[in-house]
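Peer 1: Attaching a predicted model along with its sequence, questions to come.
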Amino acid sequence: MLESRRKALNALLSDEDAQVRGAAADALEALEPLLHLRQLLADLSSADRGRRIHCLFALEGVRAPGVLDALLAALGDADADLRAAAAQVLGNRAEGKAVPELVKRLRDSEAAVRMYAAEALGRFRDARLVPYLAAVLKDEDSGVVEAAARSLGALGAVEGEKYLLALLRDHRPAVRCAAASALGRLEAGGVD
């Protein structure tokens, strides 16, 4: 089935109309990971870290059985770089099933993983995430704090306001900047 789709799209690459050729090329690019899905999933267990990370990003847009579970499993990998990449990919996919696992990663031993998990949670626009992101604002790593502040803003929930206001007094300029930007993204709440 996928192979017949690929052949039909390949034929359109020589169409006389440039828009048709472009659409066919875009469709082939989207189809590519599906054609190699078995191999991509298998390569997530590769000894080659670079290959594993490449596979995670290749699977980002793939909606097929087993993909989400494989991405969630990567969040628990022993390799911090793989966990960080998995958090990025899951944030870009913004699937609700990933939220509990991303929340767990806010307490990861590696700052990069905590940062990408905080960043990912901002894509879910769910006010129930405010307390989890607020807890991260005490992190010693400024990148983690900045990501959590940006995500509080992205959530848009007025419940995040008190945390962001407190960050305006942080000693780190980048944190104050992130908090200020995030405050501008919150919903109106009560009118004073």
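Peer 2: Alright, I've got the coordinates.
Peer 1: any idea of the mean pLDDT in stretch 87-102?
Peer 2: The predicted model gives stretch 87-102 an average pLDDT of 95.
Peer 1: Next: stretch 11-30.
Peer 2: Averaging pLDDT along stretch 11-30 gives 90.
Peer 1: Just the C-alphas of that stretch, formatted as CSV.
Peer 2: Taking Å, rounded to 0.1, in the frame of the first residue of the first chain, the C-alpha atoms of stretch 11-30 are listed here in CSV:
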residue,chain,number,x,y,z
ALA,A,11,5.4,9.8,-11.1
LEU,A,12,4.1,13.3,-10.2
LEU,A,13,7.6,14.6,-9.7
SER,A,14,7.8,15.0,-13.5
ASP,A,15,4.4,16.7,-13.8
GLU,A,16,4.2,19.8,-16.0
ASP,A,17,2.8,21.9,-13.2
ALA,A,18,5.3,23.2,-10.6
GLN,A,19,2.8,23.2,-7.8
VAL,A,20,1.9,19.5,-8.4
ARG,A,21,5.6,18.6,-8.4
GLY,A,22,6.0,20.5,-5.1
ALA,A,23,3.0,18.8,-3.5
ALA,A,24,4.3,15.4,-4.6
ALA,A,25,7.8,16.1,-3.2
ASP,A,26,6.3,17.3,0.1
ALA,A,27,4.1,14.2,0.2
LEU,A,28,7.1,11.9,-0.5
GLU,A,29,9.0,13.6,2.3
ALA,A,30,6.2,12.9,4.7
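Peer 1: who's in contact with it?
Peer 2: With contact meaning C-beta atoms under 8 Å, 6 or more residues apart in numbering, stretch 11-30 is reached by Arg6, Leu9, Asn10, Gly61. To be clear about C-beta, it is placed using only N, CA and C from the backbone, and glycine gets the same treatment.
Peer 1: If we use 10 Å, what do you get?
Peer 2: Arg5, Arg6, Ala8, Leu9, Asn10, Leu35, Gly61, Val62 (C-beta atoms under 10 Å, 6 or more residues apart in numbering).
Peer 1: okay if I get the residues you listed as TSV plus secondary structure, distance to Val113 and neighbour count?
Peer 2: Below are those laid out as TSV (DSSP: H, G, I helix; E, B strand; the rest coil; distance: C-beta to C-beta, whole Å; neighbours: other C-beta atoms under 10 Å):
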residue	secondary structure	distance to Val113	neighbour count
Arg5	helix	37	14
Arg6	helix	36	16
Ala8	helix	42	11
Leu9	helix	38	18
Asn10	helix	40	12
Leu35	helix	31	14
Gly61	coil	22	14
Val62	coil	22	20
